[in-house]
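J.: kindly generate the corresponding structure for this input.
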Amino acid sequence: MNSSVPSYLKHHFLIAMPHMADPNFAQTVIYLVEHNQHGAMGLVVNRTSELSLADVLEQLSPDTAADARCHQLPIYAGGPVHTDRGFVLHPRGWSYQSTLELGELALSTSQDVLLAIADGSGPERFLIALGYAGWEAGQLEEELLDNAWLTCPADPTVLFEVDVEQRLQRAAAPLGIDLSLLSSQAGHA
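T.: Model (predicted):
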C-alpha cells in the first residue's frame, strides 16, 4: 500500500525537455503558480509576444497616451489558455485589487497593477503575461512520468534579472544540466 503524500511543485520551474513536441511548450520555462490535487497553473517566462505594455494600455484606455518607457516593456506569451487574460508576476509586498501571495512572489490580475507599472509607482521587478498554461488533475504528473519536463525550485533572479534568451539555460543550471547536450530523442529504459 502506497501511503506517500503527493509532492506538489508550486513555486518551481518546469523546463521543457528537448524532445517536447508541443509547439506551445517547446523550449520553454514555466513558473508554476499553483500545483495541487486539482491540477496546475503556470506562466511561460521565456517567450515574449509582439506586444508591449503600451499596446495593452492602449486597449484598456484608448484616450490615454502611454509613457515612452511602456513601449519598451514586453508582454510575455504566458501560455495557450485564456490568452486574453493578463497576469503580473512580481515580488510580494505589492497589493492590488486582485493579488495572490505566492510566498516571496505575488501574482496580480487586475488593471491597477498595469497602471501602477506604467506611471512608475508599481513594482520595479515584474513579468507581464497574457494567457497561462494549465493542467487538469493528474495531467502534469503524467507528463512528468513521461519525462516531458525537468523541475527545479524557481529562482526570482531568473524571472526578473536574466535576459529572456538566457532563461532556459539559467533555469536548468542548478540541476547541473546543459540542455544543448541532451538528445531530442525520447526513450525509456
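
J.: could I get the full set of strands for the chain?
T.: 12-16, 29-36, 39-44, 48-52, 74-77, 81-91, 99-102, 105-108, 127-136, 149-153 (DSSP state E).

J.: for residue 168, find the nearest of those.
T.: Among the strands of the chain, strand 29-36 comes nearest to residue 168, with 5.4 Å by C-beta to C-beta. Where C-beta positions appear, they are placed from N, C-alpha and C, glycine not excepted.

J.: give me the helices and strands touching the closest one, please.
T.: Packing contacts for strand 29-36, counted by 3 or more C-beta pairs under 8 Å, 6 or more residues apart in numbering; DSSP states H and E, involve strand 12-16, strand 39-44, strand 81-91, helix 167-172.

J.: quick check: nearest residue in space to residue 38, chain neighbours excluded?
T.: Closest residue in space to residue 38, ignoring its immediate chain neighbours: residue 137 at 5.5 Å, by C-beta to C-beta, 6 or more residues apart in numbering.

J.: which residue comes closest to the residue sitting nearest the centre point of the chain once chain neighbours are left out?
T.: Closest to where the C-alpha atoms of the chain average out (C-alpha atoms, centre = their mean) is residue 43, at 2.5 Å. In this structure, residue 43 finds its nearest non-sequential neighbour in residue 78, 4.3 Å apart by C-beta to C-beta, 6+ apart.

J.: before we move on, what about residue 25?
T.: Sequence neighbours aside, residue 16 is the residue nearest to residue 25 in space, at 5.2 Å (criterion: C-beta to C-beta, 6+ apart).

J.: now the one you found: how far from residue 133?
T.: Between residue 16 and residue 133 the computed distance is 11 Å (C-beta to C-beta, to the nearest Å).

J.: repeat for residue 106
T.: Residue 106 sits 19 Å away from residue 133, going by C-beta to C-beta.

J.: same question for residue 59.
T.: Counting by C-beta to C-beta - residue 59 and residue 133 are separated by 23 Å.
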